[in-house]
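Colleague: Based on what follows, work out the 3D shape:
(one chain, ligands or ions: 1)
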Amino acid sequence: MGYSVSIFETQDKLGGMMNLIPDHRLNKGVVQSDIEFLLTLGDIRVNTGSNIEDPKHLLTQGYDAVCVTVGLWKPIELDIPNADLAIKMVDLLSHPESFDFDGRVAVIGGGATAVDCAVTAKDRGAKHVELFMLEKLSEMPLTPVERQELIDFDVEVSSRIRISGIQKKGRSITGSRQKRLLCRRGCHSARRMYMIWRNRGEKDGYQCSCDGDRHAANNYPGTCPRSLLCW
Ligand SMILES: Cc1cc2nc3c(=O)[nH]c(=O)nc-3n(C[C@H](O)[C@H](O)[C@H](O)COP(=O)(O)OP(=O)(O)OC[C@H]3O[C@@H](n4cnc5c(N)ncnc54)[C@H](O)[C@@H]3O)c2cc1C
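Modeller: Numbering: from 1, shown residues only. So this is what the prediction gives:
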């Protein structure tokens, strides 16, 4: 269309969330060469390290139009007790080298980013990593290669579970409270289950908890994570 374009990027390089995808799944050299190619397609100027707080203001600085394409960097909050102790996916995957795990790690979530967090936690020293999610393994939105990673990296998968609280001693995580979901008539997918749940509150499901090395009540095995990641 003949316009000159300026890109304002708050980070020090382009690529957005793609830069958070672990290297074994996405070669960053390919991302960079794609970006370099795209920048040759027109009069495009890049301003990295440039955080735009008021996009409208750009219209007073000689721009004819502003496209806001800022992604989704603020995670959905878990709204459970002690959720502030959990490590956010963005923090872990932006700077995996800042995290060293030793022991058990629980990951809350059942999508591709949860698998990336699980594999990264293993890479960073976790002895045991367990995914907690509403989905069954067969319902996880993964490619066959991503699903295979769960086996290759020996990640445990706990389905039909909702983490309803994080237990702590001081600032240390000692366990989690979990609700085991029961499949009822008309409740055969994780999404449907989540909706029924939201509508009915937290009545459904077994509840179990664990503390230190003690395992759970109600005949349902709990877990005692030292760290929790969520996405
Ligand atoms: C761990 C992980 C794994 C993923 N795996 C896959 C996958 O396998 N397949 C797939 O298709 N997708 C995957 N995705 C999703 C994919 O990365 C995103 O869908 C895609 O990056 C979204 O692009 P976007 O341009 O909309 O937003 P983003 O990539 O988030 O880009 C938005 C950019 O805007 C910048 N920004 C935000 N606010 C401001 C501001 N105020 N001023 C200036 N700049 C700002 C941000 O720094 C960012 O660079 C994955 C994402 C993650 C995190």
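
Colleague: is stretch 118-128 up against the ligand anywhere?
Modeller: No: counting by CB under 6 Å from any ligand atom, the ligand has no neighbours in stretch 118-128; the shortest distance is 8.8 Å. C-beta coordinates here come from the backbone N, C-alpha and C atoms, glycine included.

Colleague: List the buried residues in that stretch.
Modeller: The neighbour-count check on stretch 118-128 (16 or more other CB atoms under 10 Å) flags 118-122, 124, 126, 128 as buried.

Colleague: from these, which is closest to the ligand?
Modeller: Using CB to the nearest ligand atom, residue 120 is the member of those that sits closest to the ligand, with 8.8 Å.

Colleague: Report the contact partners of that closest one.
Modeller: Shown in contact with residue 120 (CB atoms under 8 Å, 6 or more residues apart in numbering): 22, 92-93, 96.

Colleague: show me where the protein has helices.
Modeller: Along the chain, the stretches classed as helices by DSSP state H are 28-39, 89-94, 112-123, 144-152, 190-200.

Colleague: Ranking those helices by mean neighbour count, which comes first?
Modeller: Among those, helix 112-123 has the highest mean neighbour count (mean count of other CB atoms under 10 Å), at a mean of 22.

Colleague: how much does it deviate in direction from helix 144-152?
Modeller: 30 degrees (axes from the mean of the first three to the mean of the last three CA atoms, to 10 degrees).

Colleague: could I have helix 112-123 exported to PDB, CA atoms only?
Modeller: Below are the C-alpha coordinates for helix 112-123, written out as PDB (Å, rounded to 0.1, in the frame of the first residue of the first chain):
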ATOM      1  CA  ALA A 112       1.900 -26.700  24.500                       C
ATOM      2  CA  THR A 113       3.300 -24.000  26.800                       C
ATOM      3  CA  ALA A 114       2.800 -26.300  29.800                       C
ATOM      4  CA  VAL A 115       4.900 -29.000  28.000                       C
ATOM      5  CA  ASP A 116       7.600 -26.300  27.300                       C
ATOM      6  CA  CYS A 117       7.600 -25.400  31.000                       C
ATOM      7  CA  ALA A 118       7.900 -29.100  32.000                       C
ATOM      8  CA  VAL A 119      10.800 -29.800  29.600                       C
ATOM      9  CA  THR A 120      12.500 -26.600  30.700                       C
ATOM     10  CA  ALA A 121      12.100 -27.500  34.400                       C
ATOM     11  CA  LYS A 122      13.700 -30.900  33.700                       C
ATOM     12  CA  ASP A 123      16.500 -29.200  31.800                       C
END
